[in-house]
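Enquirer: Have a look at this prediction, sequence included:
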Amino acid sequence: MSALNVSDIQHFSVGDGPGIRTTVFFKGCNLRCPWCHNPETISREPVALTYLRTNKTITYGRAVTVNEVVNEVMEDLDFYRQSGGGVTISGGEPLLQANGVAALGKALREKGVSVILDTAGCIPWSHFEAVLPFVDTVFFDWKTSDPVCMKERIGGDLPLIKDNLTRLLRRGTDVHIRIPLIPGINADTASVAAMAADLREAGAKTVALLPFHRLAVGKYDAMGLVYPFRDTPPLPADAVSRAAKMLASDFTVSIEK
């Protein structure tokens with residue numbers, strides 16, 4: 001089997017699922033979200049980040065075998081068992097490496113480790129079919145219900161994404177839908193209403209909101225890039241509450257930090 005193209009392996013991850021988790025970030029993404037919080041994962045090639053304050057350079061991107069990843073993440077097995085945690089497979093878009101994700105998920109499941117897949121869902125359904133037998137939960141990021149915004153600003157295919165979500169829910173997959181709530185993209189009342197309609201039609205029952213933040217600015221600076229959302233303030237608390245209340249009539253809603 002060919003090696004996995006991995007950006008980073010982050011131990012003791014926060015916000016990537018229940019309990020103490022290790023997150024494996026796969027390299028490569030087929031979307032171009034202008035607010036992306038992990039720009040180092042977009043390219044399939046290694047990316048060097050040089051932090052000017054410390055003059056430290058970190059390169060993200062390396063070829064590793066499934067066994068190498070398993071050996072590293074299993075170092076935290078006791079923490080997984082004590083906390084109800086496990087491994088989260090993220091990116092980038094990990095399903096661009098569906099066969100590798102399937103192999104990694106199978107190896108972890110055989111060792112009794114919970115596996116979460118984090119995806120944006122803009123991938124042929126056959127890629128999901130390859131990995132679903134080996135993951136416990138799918139985190140599905142829903143970014144917008146505006147097909148023009150999805151195509152022109154994000155670079156995705158909204159009908160494909162919606163079809164994949166519908167298929168996942170109809171087959172009984174444990175799907176956690178997460179909406180990154182982004183100013184100027186999907187946080188206004190009309191956008192929230194449109195997302196609610198699409199998610200309701202797909203059969204969703206629960207939704208988590210991830211309010212926008214600017215913590216990625218340092219990464220863009222270290223990559224020599226301009227962050228398009230550098231001057232965009234975080235959403236006011238009342239805007240987040242308003243979106244949550246709109247969605248609460250149809251879904252069980254949570255707000256993640």
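Expert: Received it, and whenever you're ready, just let me know what you need.

Enquirer: can we go C-alpha only for contacts and neighbour counts from here?
Expert: OK.

Enquirer: my guess is P159 is in a helix, correct?
Expert: Yes: under DSSP: H, G, I helix; E, B strand; the rest coil, P159 sits within a helix.

Enquirer: give me the element C29 is part of.
Expert: Assigned by DSSP states H and E, C29 falls within no helix or strand.

Enquirer: ah, wrong one, I meant F25
Expert: With DSSP H and E as the test, F25 turns up in strand 21-26.

Enquirer: pretty sure R178 belongs to a strand, no?
Expert: Yes: in this structure, R178 lies within a strand as judged by three-state DSSP.

Enquirer: so it makes contact with L209?
Expert: Yes: with contact defined as Cα atoms under 8 Å, R178 reaches L209; the gap is 5.8 Å.

Enquirer: Quickly note the distance from the closest residue to T57 other than its chain neighbours to T59.
Expert: Nearest non-adjacent residue to T57, counting by Cα to Cα, 6 or more residues apart in numbering: T50, 4.2 Å away. The gap separating T50 from T59 is 9 Å, by Cα to Cα, to the nearest Å.

Enquirer: Looking at the two, which one has more neighbours?
Expert: T50 (19 against 13; other Cα atoms under 10 Å).

Enquirer: Contact partners for that one?
Expert: Each residue near T50 by Cα atoms under 8 Å, 6 or more residues apart in numbering is listed here: 56-58, 222-223.

Enquirer: Would you mind pulling up the elements that the strand holding F25 packs against?
Expert: Applying 3 or more Cα pairs under 8 Å, 6 or more residues apart in numbering; DSSP states H and E, we find strand 21-26 packed against strand 4-13, strand 86-90.

Enquirer: Show me the contacts of T50 that map onto strands.
Expert: 56-58 (DSSP state E).

Enquirer: now the stretch 1-150 of the chain, which segments are flagged as low pLDDT?
Expert: 1-2 (pLDDT under 70).

Enquirer: run the last query once more with 90
Expert: 1-2, 14-15, 52-53 (pLDDT under 90).

Enquirer: phi, psi of the closest residue to P46 other than its chain neighbours?
Expert: Distances taken as Cα to Cα, 6+ apart put G61 closest to P46, at 4.3 Å, once the chain neighbours are dropped. The phi/psi pair for G61 (degrees, to the nearest 10) reads phi 130, psi 110.

Enquirer: show me what contacts G61?
Expert: 5-8, 27, 41, 44-47.

Enquirer: contacts for stretch 127-143?
Expert: 95-96, 98-99, 101-102, 105-106, 109, 114-121, 150, 165, 173-181, 186.

Enquirer: Can you point out the buried residues in it?
Expert: 127-128, 130-132, 134-143 (16 or more other Cα atoms under 10 Å).

Enquirer: returning to that earlier point: and the residue nearest to T57, that's in a strand?
Expert: Yes: per three-state DSSP, T50 lies within a strand segment.

Enquirer: quick one: it and C122, what's the gap?
Expert: T50 is 31 Å from C122, where distance means Cα to Cα.

Enquirer: Can you list the residue ranges for helices in the stretch 151-257 of the chain?
Expert: Assigned by DSSP state H, counting those that start in this stretch, the stretch 151-257 of the chain shows helices spanning 158-170, 189-202, 217-223, 237-248.

Enquirer: Distance from the chain centre to the second one, please.
Expert: Average the C-alpha atoms of helix 189-202, do the same for its chain, and the two points are 20 Å apart (Cα atoms, centre = their mean, to the nearest Å).

Enquirer: Please apply the same query to stretch 175-185.
Expert: The answer for stretch 175-185 is 11 Å, by Cα atoms, centre = their mean.

Enquirer: residues in contact with it?
Expert: 35, 137-144, 149, 168-169, 187, 191, 204, 206-212, 232, 234-235, 240.

Enquirer: CA atoms of stretch 75-95 as CSV?
Expert: What follows is stretch 75-95, C-alpha atoms only, in CSV (Å, rounded to 0.1, in the frame of the first residue of the first chain):
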residue,chain,number,x,y,z
GLU,A,75,0.9,5.7,22.7
ASP,A,76,-2.2,7.4,24.0
LEU,A,77,-4.4,4.3,24.3
ASP,A,78,-4.7,4.6,28.1
PHE,A,79,-6.0,8.2,27.7
TYR,A,80,-8.6,7.0,25.1
ARG,A,81,-9.9,4.3,27.4
GLN,A,82,-10.1,6.5,30.5
SER,A,83,-11.8,9.4,28.7
GLY,A,84,-13.9,7.8,26.0
GLY,A,85,-11.7,9.3,23.4
GLY,A,86,-9.9,8.0,20.3
VAL,A,87,-8.5,9.1,17.0
THR,A,88,-10.0,11.7,14.6
ILE,A,89,-9.0,11.6,11.0
SER,A,90,-9.1,15.2,9.6
GLY,A,91,-7.5,17.4,7.0
GLY,A,92,-7.5,18.9,4.5
GLU,A,93,-10.0,16.5,3.0
PRO,A,94,-9.0,13.1,4.2
LEU,A,95,-11.3,11.3,1.7
